[in-house]
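Predicted model and sequence below, questions to follow.
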Amino acid sequence: MRTRQITALLALGASLVACGSSDPEPAAQGGGDGRGPITFVGGKFEAESVQKIVDAWNAAHPDEKATVVLLPEAADEQRRKLVQSAQTKSDTGDVILIDAVWTSEFAANRWIDELKLDTSAFLPPTVETGKYRGKLYAMPMFTGTGLLYYRTDLVKKPPKTWDEMRRICDEVLPEQKGMACYGGQFDKYEGLTVNFSEAVHSAGGELVDASGKPQVTGDGAKKAAQFLADGFKSGMMPKEAITYKEEEGRVAFQDGKLLFYRNWAYGYEAAQKTDGSSKVAGKTDVAPIPGLDGPGAGTLGGNNLAVSSFSKNKQTARDFVAFMTSAEQMRAFAMSSSMPVATAAVYDDPELIKKYPYLPALKEGILAAKPRPSAVRYGDVTAAIQESAYAVVTGAKPVDQAMTELQAALGPLLQP
Amino acid sequence: MSRPRGQSWLAAAMLSPTMIVLALVVFYPLVAAMRESFYTSGQTLDADGFVVEGERFAGLANYAGVAGERFLNAALNTTLFTVVTVGLEVVLGVAMALVMQRAFRGRAILRASILVPWAVPTAVAGLMWKWIFQADGVANALLGTEILWTADGPWAKLAVVVADVWKTAPFVGLLVLAGLQIIPSEVYEAARVDGASAGQRFRRITLPLVKPALLVAVLFRLMDALRVFDLPYVLVGPRKHSVETLSGLIWDEATRVHYGPASAYGTALFVYIAVIAFVFVKLLGADLLSDVRQRRKEARDVG
């Protein structure tokens, strides 16, 4: 009796599995080229300002209204949700806001459609982040790169090179109690990839060359890794910085514990707050980040708009993308939010520069900025980079060994 | 044992809804995960750079990682974490229960406050301890140290253990307290009359009588600790070798869309937990089922 029951249960289980795995017809993507109501799915960035653009769209297109669905703030969570709905071929999101580094993965999996839109109004490096194999899949919307925050009360002229930065620190720090020279984001997460990539490009190297081969055993990459390793060894970068994400470091800088801090533009407003939360209000400015022999090259961040392959109303979705990224709407967005946008005109707008004095420095930074490696398996690539870069900053492995291991790990991941 | 045939069919019919629900929510995911662990997908690109769709049978390839350094490290971390935390929690939990059982003024408040950590959601507790353990946090200020608790390293292990013990010792305490309360006070009175010391009373009366409750608590904690994910993830962060647990590893593989290896590791973890539970029940848990067996025996005798 007992064995028969178990057999029956197993058979039931097996039959359930069988219906679960009936393969969908290959390559037949869902979706349609229609018009009608759409849904915009994006992270919780500046929700109010985004809603304003959507309201403007809805007022002009009463038959093709857009609804906003907000995903959690953490990028990993957003990606997980978007990948999940793409894998079930769900049409819940017609227009999706994706991180610049996801473009390749989403395009290669046919989760997003190629776009034929005019990108001439955008800063050129931001357009590159929306491309996969030379074709545009995502329209630039938000952008950003690393800026060097420094103390105007202690530093006359921001440094252009790492050596200059070291020299300034040697002069200034002996007079300051409990202050370290430089900090960035060195905890083991995406921020470490950003900071490591920034150091490599600032030293004239590259992580991946134009043909898609890893180059981390090259001169530039090794010098960058050495700069980080020495920085932590000598105390130029405080030991705590290996636990810093953006916010921990921002708080340390605002408490006067850092002379220089690398962060995105968002930290500017917070640093200048005069409500007592920042001890460096009025004493902070930003500059493009320094490099080995001259000005550095930041890492491009940002979020781009894409049309889901599973959308039923793709015509509306494409129009919506064009509308959101139009010069007019981008300017309106910039007026109400400090999140940097990708259109070039915003950075030369006198009214906006008055509002956000860091815009010229940011523009210079973005034009010099380099994207992180474009890879279909970006998740694996960034994990490999973090693994080796973390070993370098914690001093767990010598630079040569860490870079050789990274070179070996990246090889198969970047293979087409 | 011989029952009329019709009755057994009736029993089967009555039980079938339960069986169907069990099949759907327990066996199907289990079998589906095991099936997934033998397949691979999305790992190759065609000439135009698009991912080749569909699954491919991969045999045991996904299980190759089970012998890999990362899996073994995670397995070791998980085991160490389980042994240390469950050990500490049993000692502290029993102590808490003994205190909570005493009748004194303010007992209700004490009981409630001991249980607070258990009521805090783990993710929230993780964030709270992260705040305590951060570089310029409370822990370093109190100890006068400059330890980076949340960076990868042995200190991170300690931080996770401290946070977990703080959080779940009350759970053990609660279950043991329930066990203590059913020990009749006459037993203690008799022992006292016979001149047994406090230590003797604890070892000869309290421990044996509370053992069934304690074993249930330990079994629950074992299962919980072996699949721990949230605390190390929130407190220290993903992919930090010193605190990466098996569940953490599985999560990491799954978020990088490596469903094959993730399922393989999941299956391995399932087998590991099942073996531990089986061994635990076989070695220590005779008492867990003695009650059932006793009743069955009585029923048979009556029948």
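Great, that's in hand.

Please make it C-alpha for all contacts and neighbour counts, starting now.
Will do.

State the distance from residue A:411 to chain B.
Distance from residue A:411 to chain B, counting by CA to the nearest CA, to the nearest Å: 15 Å.

Where does that residue fall, secondary structure wise?
With secondary structure defined by DSSP states H and E, residue A:411 is part of helix A:399-414.

Which residues outside that helix are in contact with it?
A:212-217, A:221-222, A:225-226, A:229, A:375, A:377, A:380-381, A:384-385, A:388-389, A:391-392 (CA atoms under 8 Å, 6 or more residues apart in numbering or on different chains).

Identify each buried residue in that helix, please.
Judged by neighbour count using 16 or more other CA atoms under 10 Å in any protein chain shown, the buried positions of helix A:399-414 are A:399, A:402-407, A:409-410, A:413-414.

would you list every one of the strands in the stretch 1-150 of chain B?
With strands called from DSSP state E, counting those that start in this stretch, the stretch 1-150 of chain B shows them at B:39-41, B:55-57.

Ok, the stretch 1-150 of chain A next?
Going by DSSP E, counting those that start in this stretch, the stretch 1-150 of chain A shows strands at A:38-43, A:66-71, A:95-99, A:131-132, A:135-136, A:139-144, A:147-151.

Reformat those strands as TSV; add mean pLDDT, mean neighbour count and distance to chain B.
Output for the strands of the stretch 1-150 of chain A, formatted as TSV (pLDDT from 0 to 100; neighbours: other CA atoms under 10 Å in any protein chain shown; distance: least, CA to the nearest CA, whole Å):
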stretch	mean pLDDT	mean neighbour count	distance to chain B
strand A:38-43	93	22	18
strand A:66-71	94	17	16
strand A:95-99	95	26	15
strand A:131-132	96	21	9
strand A:135-136	96	18	11
strand A:139-144	95	27	20
strand A:147-151	97	25	21
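
closest one to residue B:139 among those strands?
Minimum separation from residue B:139 across the strands of the stretch 1-150 of chain A (CA to CA) falls at strand A:147-151, 29.4 Å.

Is the residue nearest in space to the middle of chain A bridged to anything, and to what?
Centroid-nearest residue in chain A: residue A:301, 3.3 Å away (criterion: CA atoms, centre = their mean). Here residue A:301 sits in beta bridges with residue A:144, as judged by DSSP bridges.

Could you measure from it over to residue A:189?
14 Å (CA to CA, to the nearest Å).

next one: residue A:114
Using CA to CA, residue A:114 is found at 30 Å from residue A:189.

higher neighbour count, the two?
Taking other CA atoms under 10 Å in any protein chain shown, residue A:114 and residue A:189 do not tie; residue A:189 has more neighbours (21 against 17).

check contacts around the more buried one.
Counted by CA under 8 Å, 6+ apart, residue A:189 has contacts residue A:386.

what residues does the stretch 151-300 of chain A put near chain B?
A:187-188, A:240, A:242-243 (CA under 8 Å from any CA of the partner chain).

And those, which is closest to residue A:109?
Among these, and counting by CA to CA, the member closest to residue A:109 is residue A:188, at 27.3 Å.

and the gap between the closest one and residue B:283?
Remark: distance between residue A:188 and residue B:283 (CA to CA) = 42 Å.

about what we covered before: pLDDT of the helix holding residue A:411, averaged?
The average pLDDT within helix A:399-414 is 96.

now stretch A:169-183
95.

For it, buried residues please.
In stretch A:169-183, counting by 16+ other CA under 10 Å, buried: A:169, A:173, A:179-183.

State which one residue of the stretch 51-200 of chain B is found closest to chain A.
residue B:51 (5.2 Å; CA to the nearest CA).

What is the neighbour count of the nearest residue to that residue once chain neighbours are set aside?
Distance criterion CA to CA, 6 or more residues apart in numbering or on different chains; nearest residue to residue B:51, sequence neighbours excluded, is residue B:45 at 4.4 Å. A count of nearby residues for residue B:45, using other CA under 10 Å, gives 16.
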